[in-house]
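S.K.: Sequence first, then the predicted structure, then my questions.
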Amino acid sequence: MSFLTKFFSGIRQRKQVRRYESGLHGARKAYLLDQDTPFAITEAFRNLKATLSVSVPRKENGEGVSLLMTSTFPEEGKTTVTVNLALMFAISNVRVALVDADIRKGRICKYFKQKAEPGLSDYLSGQAKYEDIIRSTEQNKNLFVICSGTQSPRPYELLESDAMKELSDRLKKEFDYIIYDTPPIKLVSDALAVLPVTDGTVLVTRYMQSYESDIKSSLDSIRFAKGNVLGMIVNDYYVPPKKMKKNQGHYYAYYESEGENTPRITD
């Protein structure tokens, strides 16, 4: 990485940290797939679900598969992609636990119009029982959520605790898929604390917004922590209308895996 690349990357990171800590991220909508969702968007998530199912097959011992979702910086669509991916898995008739591991700025509860407390942080700190934090959803009988919980001054320590490992073990016994939504990896290191209890990591980026140098740095951090990088999603990928059928100008998600045969979500 050149000096200028590092310099401007540092500026972006400091700016994003200030925005993240102050909560200045604008009004972000909680978007969920439903019957009115355009076909291209639904199909993109369906293909993403199928690709990840192949990348991390179900275990022979019957334990659930756990996935970690992260991004480089905020506002790249990570949580929206994560929530709808979990919903798509649930639609395919498997039991799914969606865990909001962003104890600092968790947003998953807003998608399901539920309270954030009690949640993950309350359980990990011994302030709540498992039965208090695992919640069903109205959207699908197979989808359960664990919200972020009460904000804590020591989120990393909670996420790397023995209580987190015990929770992970229990979830793997009760669910087919466990999906963790974690904070942006370029801002805080919380995602790295969750890595040991997961089977694979997906990096969410945004078309024409995420920088190549930040993506590379994020992937390097995951690999250094011995994380299994499954690939990355390029969110809000734009295709000119002339190149698309039925004149649908935007895809919602695009999956790119590592290796020679790169599956891509198109139409």
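M.R.: In hand now; what should we look at?
S.K.: all helices for this structure, in order.
M.R.: 3-22, 39-55, 78-91, 108-111, 120-124, 130-133, 155-159, 162-174, 190-194, 212-224 (DSSP state H).
S.K.: and residue 203, which of these is closest to it?
M.R.: Relative to residue 203, the nearest member of the helices of the chain by CB to CB is helix 212-224, separated by 5.8 Å. The C-beta positions use only the backbone N, C-alpha and C, and glycine is treated the same way.
S.K.: Pull out the buried positions in the closest one.
M.R.: Residues of helix 212-224 classed as buried by neighbour count (16 or more other CB atoms under 10 Å): 213-215, 217-219, 221-222.
S.K.: Just flag the most distant two among the residues you listed.
M.R.: When the buried residues of helix 212-224 are compared pair by pair using CB to CB, the farthest-apart members prove to be 213 and 222, with a separation of 15.3 Å.
S.K.: sorry, back to before: I'd like the helices of the chain laid out as CSV, including mean pLDDT and distance to residue 69.
M.R.: Conversion of those to CSV gives the following (pLDDT from 0 to 100; distance: least, CB to CB, whole Å):
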stretch, mean pLDDT, distance to residue 69
helix 3-22, 52, 17
helix 39-55, 91, 10
helix 78-91, 94, 4
helix 108-111, 93, 11
helix 120-124, 96, 15
helix 130-133, 96, 19
helix 155-159, 95, 14
helix 162-174, 96, 15
helix 190-194, 95, 9
helix 212-224, 91, 12
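S.K.: closest to residue 67 out of the ones you listed?
M.R.: For these, the distance to residue 67 is smallest for helix 39-55, at 6.8 Å, taking CB to CB.
S.K.: Switch the helices of the chain over to TSV; also include distance to residue 148.
M.R.: Formatted as TSV, those follow (distance: least, CB to CB, whole Å):
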stretch	distance to residue 148
helix 3-22	14
helix 39-55	23
helix 78-91	11
helix 108-111	7
helix 120-124	6
helix 130-133	10
helix 155-159	9
helix 162-174	13
helix 190-194	11
helix 212-224	21
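S.K.: Indicate which one of those helices is closest to residue 147.
M.R.: Across the helices of the chain, the minimum distance to residue 147, taken as CB to CB, is reached by helix 108-111, at 4.1 Å.
S.K.: could you redo the buried residues of helix 212-224 as TSV and give each row distance to residue 85?
M.R.: Formatted as TSV, the buried residues of helix 212-224 follow (distance: CB to CB, whole Å):
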residue	distance to residue 85
213	26
214	22
215	19
217	24
218	19
219	19
221	22
222	18
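S.K.: of those residues, closest to residue 99?
M.R.: Proximity of these to residue 99, judged by CB to CB, is greatest for residue 222, which lies at 18.0 Å.
S.K.: Next up, the contacts around that closest one.
M.R.: With CB atoms under 8 Å, 6 or more residues apart in numbering as the criterion, the residues that contact residue 222 are 70, 185, 191-192, 195, 201, 203, 229.
S.K.: Give the bridge partners for the residue nearest to residue 86 when sequence neighbours are not counted, please.
M.R.: Setting aside the residues directly before and after it, residue 86 is nearest to residue 98 in space (CB to CB, 6 or more residues apart in numbering), at 4.2 Å. With DSSP bridges applied, residue 98 shows beta-bridge pairing to residue 145, residue 179.
S.K.: Could you report the neighbour count for residue 98?
M.R.: Around residue 98 there are 28 other residues, counting by other CB atoms under 10 Å.
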